[in-house]
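Chemist: Need the 3D shape of this:
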Amino acid sequence: MARLIVDGMNVIGSRPTGWWRDRPGAARALLGRLQTLAALEAVSADELVLVLDGRPLPDVPEGRHDGVQVLYARRGGRDAADDRIVEEVAAGSDAGSDLVVTSDRELRRRVVELGAGVEGASALLGRLDAVEG
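Modeler: Residues are numbered from 1 along each chain as shown. I've put the predicted structure just below:
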């Protein structure tokens with residue numbers, strides 16, 4: 001399976017669920033949904049990566065969490081998680097096998113230049129909705 005790298009806040013922000021009232025809760029909810037996907041599709045944490053903005057959540061440090069590799073932006077500010085995603089794609093052994101989930105046009109351009117594929121946030125959310133039935 002290709003490595004799936006998820007732009008966490010971009011996916012979270014793509015639906016008006018009230019996520020802005022509880023950003024940490026929204027991040028945990030997305031992680032939980034991705035863990036369900038990983039378990040159902042027998043995906044390893046090396047193949048499913050969630051990149052989040054902001055400070056690491058105390059209960060979700062950077063690392064592997066039940067089938068999902070969680071990474072955080074290395075700095076604050078605009079495009080911080082985007083930079084971490086680009087770094088992750090560039091460091092991979094085969095960027096051509098990476099699929100980045102984002103609806104951010106500039107991030108899309110940057111990772112495509114490195115050889116990665118891109119899928120919009122709505123496609124991943126549709127997949128998660130279908131898995132959760």
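Chemist: quick one: P24 and R55 touch, right?
Modeler: No - assessed by C-beta atoms under 8 Å, P24 is found out of contact with R55, at 9.5 Å. Any C-beta I mention is one placed from the backbone N, CA and C, and that applies to glycine too.
Chemist: so what's the nearest residue to V111 once chain neighbours are set aside up against?
Modeler: In space, and not counting its chain neighbours, V111 is closest to V100: 4.7 Å by C-beta to C-beta, 6 or more residues apart in numbering. V100 is in contact with I5, V6, D7, I85, V89, L107, R108, V111, A116, G117, V118, E119, counting by C-beta atoms under 8 Å, 6 or more residues apart in numbering.
Chemist: The same query, at a cut-off of 6 Å, please.
Modeler: I5, V111, A116, V118 (C-beta atoms under 6 Å, 6 or more residues apart in numbering).
Chemist: give me the beta-bridge partners of the last one?
Modeler: So the one you mean is V118. For V118, the beta-bridge partners under DSSP bridges are V100.
Chemist: quick one: contacts of the longest helix seen in the chain?
Modeler: The longest helix of the chain (DSSP state H) is helix 23-40. Helix 23-40 has contacts (C-beta under 6 Å, 6+ apart) with I12, W19, L48, L50, L52, L57, D66, G67, V68, L128, V131.
Chemist: Pipe these into a markdown table and attach distance to D94, pLDDT and neighbour count per row.
Modeler: Output for the contacts of helix 23-40, formatted as a markdown table (distance: C-beta to C-beta, whole Å; pLDDT from 0 to 100; neighbours: other C-beta atoms under 10 Å):
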| residue | distance to D94 | pLDDT | neighbour count |
| --- | --- | --- | --- |
| I12 | 28 | 96 | 21 |
| W19 | 33 | 93 | 17 |
| L48 | 16 | 94 | 22 |
| L50 | 20 | 97 | 25 |
| L52 | 24 | 97 | 26 |
| L57 | 30 | 96 | 17 |
| D66 | 25 | 93 | 12 |
| G67 | 21 | 92 | 20 |
| V68 | 20 | 95 | 27 |
| L128 | 25 | 94 | 15 |
| V131 | 26 | 85 | 13 |
